[in-house]
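**Q** Any chance you can model this:
(one chain, ligands or ions: 1)
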Amino acid sequence: MSLTHTEAPPATAAEPTAYGVGRVDDVPPGEGRAFVAGGTQVAVFRLRDGSLHATQAACPHAGGPLADGQTDADVLVCPLHLYAYRWSDGSATGNVGPVRLYPVRDVDGELVVTV
Ligand code: FES
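**A** Next comes the predicted model:
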């Protein structure tokens, strides 16, 4: 009796894709707005220094609407229970999991989010 060795096919990860979700001017400075990028709900923030950041739309703690959160140059604070997430890597300052960050850029005034 012989055994046949079969290799599992390589795992296929979806390629990141860039989506135009709206205009930069749709997001007032210092605020966030919710958008959909290719079926993924995201929250995009335009900080007062002009920088853009994007996260998953729902807070990893209990699903709070992160687009309604308060921001500063370093963190995003969820409006529901006030956990804070660092822009640098998405990690939380409290005892909760990280938030997912997405690349976002301004392309001729359009917000382009890669998910
Ligand atoms: S739902 Fe965001 S901190 Fe609780």
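**Q** Was I right to think L47 contacts Q70?
**A** No: the pair L47 / Q70 is not scored as a contact, 11.3 Å apart, by C-beta atoms under 8 Å. C-beta here means a position set from N, CA and C on the backbone, and glycine is covered the same way.
**Q** In terms of neighbours, single out the busier of the two.
**A** Using other C-beta atoms under 10 Å, the more surrounded residue of L47 and Q70 is L47, with 19 against 14.
**Q** could you measure the more buried one against the ligand, distance?
**A** L47 is 19 Å from the ligand, where distance means C-beta to the nearest ligand atom, to the nearest Å.
**Q** Where does the spatially most central residue of the chain fall, secondary structure wise?
**A** Nearest to the geometric centre of the chain sits T55, at 1.7 Å (C-alpha atoms, centre = their mean). Applying DSSP states H and E as the criterion places T55 in strand 52-56.
**Q** same question for the helix or strand following that strand, mean pLDDT?
**A** For strand 52-56, the following helix or strand on the C-terminal side (DSSP H and E) is strand 70-71. If you average the pLDDT over strand 70-71, you get 97.
**Q** Is the ligand within reach of strand 70-71?
**A** No: if you take C-beta under 6 Å from any ligand atom as the test, strand 70-71 misses the ligand, and the best it gets is 11.9 Å.
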